[in-house]
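A.B. asks: after the sequence you'll find the predicted model.
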Amino acid sequence: MPEPDLIHLFVLPLHRCGIDSYMVSGSVASIEYGEPRATLGVDVAILLKTEQTDLLPAVFAEPEYYCPPVDVLHSEISRPSRGHFNVIHIPSGMKADFYPSRNHPLFDWAMAHRRKILIAGHDVLLSPPEYVILWKLEFFREGAGDKHLRDIKGILAVSGDQIDTPFVSVWAEKLGLGAIWATLIE
């Protein structure tokens, strides 16, 4: 089970202001689908309209949070790919990495296949495990460390029967990740 504070600090505020076009991914999703490990952050893929973006500095308000200025948020949501901003809960040091760009060939598929999971007593929208696996393969390829492969192995060990592995195999090939994926499913 992921750290409940991450959900309370970063996901529930989105619910309270009416933003539900998100999906929790990264380590929190891999913990939910796989094996527990420590994390101080949550990754959130998110679709934001300009007016929703304008709400974020009030939702994640000082002095409890650091949230980038609105002009930075607008710049990041307008990027065609790799948009990113983070919000930090200052007292705890926990953070949320928000990824507002949708220019990934599986983003729309993943949003349509989100899973509603009860975490810390609240419904939370998680990325499907196939999407989590493919992103972790990409992060590993980019040099982000072996923890991504350990997370994938944990997902396969715990939730393997719920994962569409042929789907992952096809997309791993399309994304140039087939060789890495093959080493995990041998």
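C.D. replies: Alright, I've got the coordinates. Numbers count the residues shown, from 1 in each chain.
A.B. asks: going forward, measure contacts between C-alpha atoms and count neighbours the same way
C.D. replies: Will do.
A.B. asks: can you mark which positions in stretch 143-161 are buried?
C.D. replies: Residues of stretch 143-161 classed as buried by neighbour count (16 or more other CA atoms under 10 Å): 148, 149, 150, 151, 152, 153, 154, 155, 156, 159, 160.
A.B. asks: so which of those are in helices?
C.D. replies: Using DSSP state H, the subset of those located in helices is 148, 149, 150, 151, 152, 153, 154, 155, 156, 159.
A.B. asks: dump these to a markdown table, plus pLDDT.
C.D. replies: Formatted as a markdown table, those follow (pLDDT from 0 to 100):
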| residue | pLDDT |
| --- | --- |
| 148 | 92 |
| 149 | 94 |
| 150 | 94 |
| 151 | 95 |
| 152 | 96 |
| 153 | 95 |
| 154 | 95 |
| 155 | 96 |
| 156 | 96 |
| 159 | 93 |
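A.B. asks: buried set for stretch 38-54?
C.D. replies: 41, 42, 43, 44, 45, 46, 47, 48, 53, 54.
A.B. asks: which residues sit in contact with the most centrally placed residue in the chain?
C.D. replies: For the chain, the residue nearest the mean C-alpha position is residue 25 (2.4 Å; CA atoms, centre = their mean). Residues in contact with residue 25 (CA atoms under 8 Å, 6 or more residues apart in numbering) are 42, 43, 44, 45, 126, 127, 132.
A.B. asks: measure residue 153 to residue 108 for me?
C.D. replies: Applying CA to CA, to the nearest Å, the value for residue 153 to residue 108 is 25 Å.
A.B. asks: kindly report the same for residue 7.
C.D. replies: Applying CA to CA to residue 7 and residue 108 gives a distance of 23 Å.
A.B. asks: which residues does residue 66 contact?
C.D. replies: Contacts of residue 66 by CA under 8 Å, 6+ apart are 60, 87, 88, 89, 90.
A.B. asks: so what's the residue count around the nearest residue to the first one once chain neighbours are set aside?
C.D. replies: In space, residue 60 comes closest to residue 67 once its chain neighbours are excluded; the distance is 6.2 Å by CA to CA, 6 or more residues apart in numbering. By the measure other CA atoms under 10 Å, the count of residues near residue 67 is 21.
A.B. asks: on that earlier part again, mind listing the residues bridging to the residue nearest to the centre of the chain?
C.D. replies: When bridges are called by DSSP bridges, residue 25 pairs up with residue 43.
A.B. asks: ok, now how distant is it from residue 175?
C.D. replies: 18 Å.
A.B. asks: also residue 121?
C.D. replies: Using CA to CA, one obtains 36 Å as the distance from residue 121 to residue 175.
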